[in-house]
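Peer 1: My questions concern the predicted model and sequence given below.
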Amino acid sequence: MQEAPARSVRTFNVQKYNMYDGPGVRSMAFFKGCPLRCKWCSNPESQHRGFEIMLKRDACVSCGACAAACPVGVHRMVDGAHVVDRGVSCIGCGACEKACLYGAVQVMGEDRSIDELVAFFDEDADFYRMSGGGITLSGGEALSQPQGAKSLLAASRERGYHTAVETCGYLPTETLLDIAPYVDLFLYDIKLMDPVRHKYWCGVNNELILENVRTLLEQGYNVRVRMPLLRGVNDSETDIKAVIEFFSPYRYQKNFDGVDLLPYHKLGVGKYAQLDLAYEIEGDPSLSDADLDRVAGWIKGADFTVNLVRH
């Protein structure tokens with residue numbers, strides 16, 4: 001029995017005028033939930049599907065307004081101090097956020113209908129047409145909500161919009177192939193080729209990830225590989241040559257769209273404290289311009305198209 005189309009998805013952000021995640025000017029929907037736990041993740045608020053509270057402690061005055069407003073006890077006052085009880089499931093009602101006069105509390109997660117998101121995309125339809133752009137689903141992991149992603153992609157396709165999905169590729173192959181006909185371009189993350197190191201840095205083995213990208217390429221779906229780069233993690237010649245070797249059979253296929261290199265940045269580090277999470281990356285694994293040129297040179301030398309993406 002075929003599963004009914006989803007009417008909504010859980011997101012944590014929507015964005016306009018993006019120029020980095022697919023061709024042209026794009027609008028984006030960021031889905032909540034991800035099966036990976038990359039230690040450098042810049043959107044930790046995207047990892048869990050459930051609603052979450054982000055607390056800016058430097059803005060909080062411990063007035064207790066959020067605790068009084070919360071119907072389930074996520075917010076508590078302990079010895080005059082504001083505490084977020086992470087053991088209590090937030091229901092996403094937003095009462096605490098409305099009660100806070102200082103902008104210290106933010107509820108992460110919002111259930112948006114497919115119609116609402118399509119209407120959001122429609123606002124910039126002229127920009128897509130003028131620039132060759134479209135819409136991109138990201139996250140988290142958009143395909144962790146497969147029926148919602150499929151419904152939104154299908155509705156966008158009906159509007160004539162170019163569709164892209166940024167994905168880690170960690171989902172059942174059958175599910176991926178069910179969604180693939182609605183995707184014009186997969187922006188496919190490849191972090192590490194070594195399965196043991198991939199599990200250490202990203203929380204899961206990469207066997208399924210590599211199987212899925214191979215399947216997409218062999219079945220004619222458009223794929224652009226995206227590689228986040230961190231010094232000492234995946235920037236060695238051995239790491240890069242393993243990527244080159246894996247994708248070499250596909251580099252001249254029309255549906256292989258080259259490689260994007262995504263330099264490490266610290267834009268999401270401050271979010272961890274707001275979620276009471278530890279940031280596990282020690283030091284600064286940023287690559288210098290010379291390092292980036294070195295990595296790009298190895299890939300270009302193997303006759304791949306390479307694009308350095310700087311957000």
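Peer 2: Looks like it arrived, so ask away. Everything numeric here is computed off the predicted structure, so don't read it as measured data.
Peer 1: residues near the nearest residue to residue 81 once chain neighbours are set aside, how many?
Peer 2: For residue 81, ignoring the flanking residues on the chain, the nearest one in space by CB to CB, 6 or more residues apart in numbering is residue 62 at 5.4 Å. Every residue, glycine included, has its C-beta placed from N, CA and C. Other residues within reach of residue 62 by the criterion other CB atoms under 10 Å amount to 16.
Peer 1: And what about residue 62, helix, strand or coil?
Peer 2: Residue 62 falls in the coil class when you classify it by DSSP: H, G, I helix; E, B strand; the rest coil.
Peer 1: Residue 285 contacts residue 40, doesn't it?
Peer 2: Yes - taking contacts as CB atoms under 8 Å, residue 285 lies within contact range of residue 40: 7.4 Å.
Peer 1: where do the contact lists of these two overlap?
Peer 2: The contact sets of residue 285 and residue 40 overlap at 230, 233, 264 (CB atoms under 8 Å, 6 or more residues apart in numbering).
Peer 1: got the residue ranges for the strands in the stretch 51-200 of the chain?
Peer 2: With DSSP state E, counting those that start in this stretch applied, the stretch 51-200 of the chain shows strands at 52-55, 75-78, 81-84, 105-108, 110-113, 134-138, 162-167, 185-189, listed in chain order.
Peer 1: before we move on, what about the stretch 201-311 of the chain?
Peer 2: Counting by DSSP E, counting those that start in this stretch, one finds strands in the stretch 201-311 of the chain at the ranges 223-229, 256-263, 306-308.
Peer 1: between the longest one and strand 223-229, how many degrees?
Peer 2: Same thing as strand 256-263. Between strand 256-263 and strand 223-229, the angle comes out at 20 degrees (axes from the mean of the first three to the mean of the last three CA atoms, to 10 degrees).
Peer 1: and strand 256-263, how far out from the chain's middle?
Peer 2: 16 Å (CA atoms, centre = their mean, to the nearest Å).
Peer 1: Any chance you could spot the residue sitting in the middle of this structure?
Peer 2: Residue closest to the mean C-alpha point of the chain, counted by CA atoms, centre = their mean, is residue 139 at 3.0 Å.
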